[in-house]
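Chemist: pasting a predicted model and its sequence here:
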Amino acid sequence: MAGFFKASSASIASAVASDDDFADYSTPSVAPAAAAEPSFSPLSFASSTPAPASPWYAVWERHSLSEFKSEGWILLAMAVVVIAHIWGSKRNRAIATGFIATIAPVLSKEFSQVGFSKQAKESEDVDADKIVKANSNQDFVSYATGRNNVAFLNTTIKLQRRNNPVAWFIEAALGFFFEALATTSNDSVTMILCPFDGADPTTNGKTNSNSKYDNFVWAIVNKKHMRRWREERYDLSLTRTSDWESLPNWLAVMGESKEIGDTCLYNELKEIVKECGSFLEFLLVSDMPKEKPTKLSELTPRKRITLELTLPPSSVAPETVQRLVQAFIRLADHLAANAHFRPEVLRKVKATREDETRKLKKAIEEETKEERELKLAEKKKELRDAKLRSMSAAEQKKFLEKEREKERKDAMKKQSRKA
């Protein structure tokens, strides 16, 4: 028994020795590994100091400007559009005010009220900025009234789309390639004067027999755009074109009679139009509508004196523009005193208007006839469809065959007539 315990203790001792030998062989030395690389044990993480977090408002630490390139380009484009709009609007306003300021001395001299508000004039000086009203960023209007032989004067200034560079560029490009659109890309001024003879509805029935003159159409037109104006204006299409000895070659006279032209072209007007240059588009005296009439009521005479200008360039002296506007306004006085023609001349003018009335009546009658025929055809079709619905299948077949036979006979008759 004692021998057994001795053997057991010896085997255990040998096993322990063998385990120690295995441990010496399999377990690496801890000291060199610790010296070669740092320890990443959980204890080392727990004992290290964390990096400080950036505050919530420190956006620059989390983002950079390079992330917002597309937004930057959009904001830049918007800024350019807004700046161009503001500049263009102010520029157009300055141009319109500048033109009115040029002719303001003439308007204040010729009219008792210049502008839309009724206020007494203490002097002939008028604040141009107060008498111009903007309908849009490119359309401006002014108004004057209070004068013998004139009910009112409307001035419309239509400018380029400087407040919209894209549209401005497109209009300019189209105007370069198409002659009909060339004038729409320019700055223009239209002055319309209504004579005060009581025949116009806008005069509220007031009559001044001394302001009356005969009905006619007469104009001085720039030859460069004469074709366009003849096509766009119905009243000018009723006239004949001729050259005038005392006028420059770039102007033509369009009228219904030479005697009318001799009367309208008085000396002051004749002299100033020679100095105007190409910015004068036309000066028109008319009692007929601008647009082609579609109703007989539109042929009722409404007298207008119209001055159409391309905005004068800075090279034109302000005195030239003032003299032209003054001659245009005083044309109403000249017509009231002198535009009373011989019966032979008036018969020719009257014949033209009667011919236009007949043409319009015929066009209205043809249009009415077509409408009546269309309504009659629709009514016949409704009756035929109702009749077919009330028939049996055999009766419908017989009815349709009879219809086709009738159509065939009618076609044969038409062919025989043509032969």
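Modeler: All right, it came through fine. Numbering: from 1, shown residues only.

Chemist: in its sheet, which strands sit next to the helix or strand hosting A252, and in what direction?
Modeler: Using DSSP states H and E, A252 falls within strand 251-255. As defined by DSSP bridges, the strand partners of strand 251-255 come to strand 218-222 (antiparallel), strand 240-242 (antiparallel).

Chemist: which of these has the highest mean neighbour count?
Modeler: strand 218-222 (a mean of 24; mean count of other Cβ atoms under 10 Å). Just so you know, the C-beta spots here come from the backbone N, C-alpha and C atoms, and that holds for glycine as well.

Chemist: what's the mean pLDDT across the one helix or strand S70 maps to?
Modeler: Assigned by DSSP H and E, S70 belongs to helix 69-110. When pLDDT is averaged over helix 69-110, the result is 92.

Chemist: if we can go back for a sec, out of the strands paired with strand 251-255, which comes closest to R91?
Modeler: Among the strands paired with strand 251-255, strand 218-222 comes nearest to R91, with 26.3 Å by Cβ to Cβ.

Chemist: next one: the closest one to chain centre, how far?
Modeler: 26 Å (Cα atoms, centre = their mean, to the nearest Å).

Chemist: helices or strands next to the helix or strand just after it in the packing?
Modeler: Per DSSP H and E, strand 218-222 leads on to helix 226-232 as the next helix or strand towards the C-terminus. Contacts defined by 3 or more Cβ pairs under 8 Å, 6 or more residues apart in numbering; DSSP states H and E place helix 226-232 against strand 251-255.

Chemist: redo that, cut-off 10 Å
Modeler: Using 3 or more Cβ pairs under 10 Å, 6 or more residues apart in numbering; DSSP states H and E, the elements in contact with helix 226-232 are strand 218-222, strand 251-255, strand 280-286.

Chemist: now the last one: average pLDDT?
Modeler: The one in question is strand 280-286. pLDDT averaged over strand 280-286 gives 95.

Chemist: try stretch 237-245
Modeler: Per-residue scores along stretch 237-245 average to 89.

Chemist: now do the same end-to-end measure for it.
Modeler: 23 Å (Cα to Cα, to the nearest Å).

Chemist: so how far is it off the chain centroid?
Modeler: Using Cα atoms, centre = their mean, the offset of stretch 237-245 from its chain centre is 32 Å.

Chemist: what does that stretch contact?
Modeler: Residues outside stretch 237-245 that contact it (Cβ atoms under 10 Å, 6 or more residues apart in numbering) are 216-221, 223, 226, 229-231, 233, 249, 251-258, 260-262, 265, 270, 284, 286, 288, 292, 349, 352-353, 355-356.
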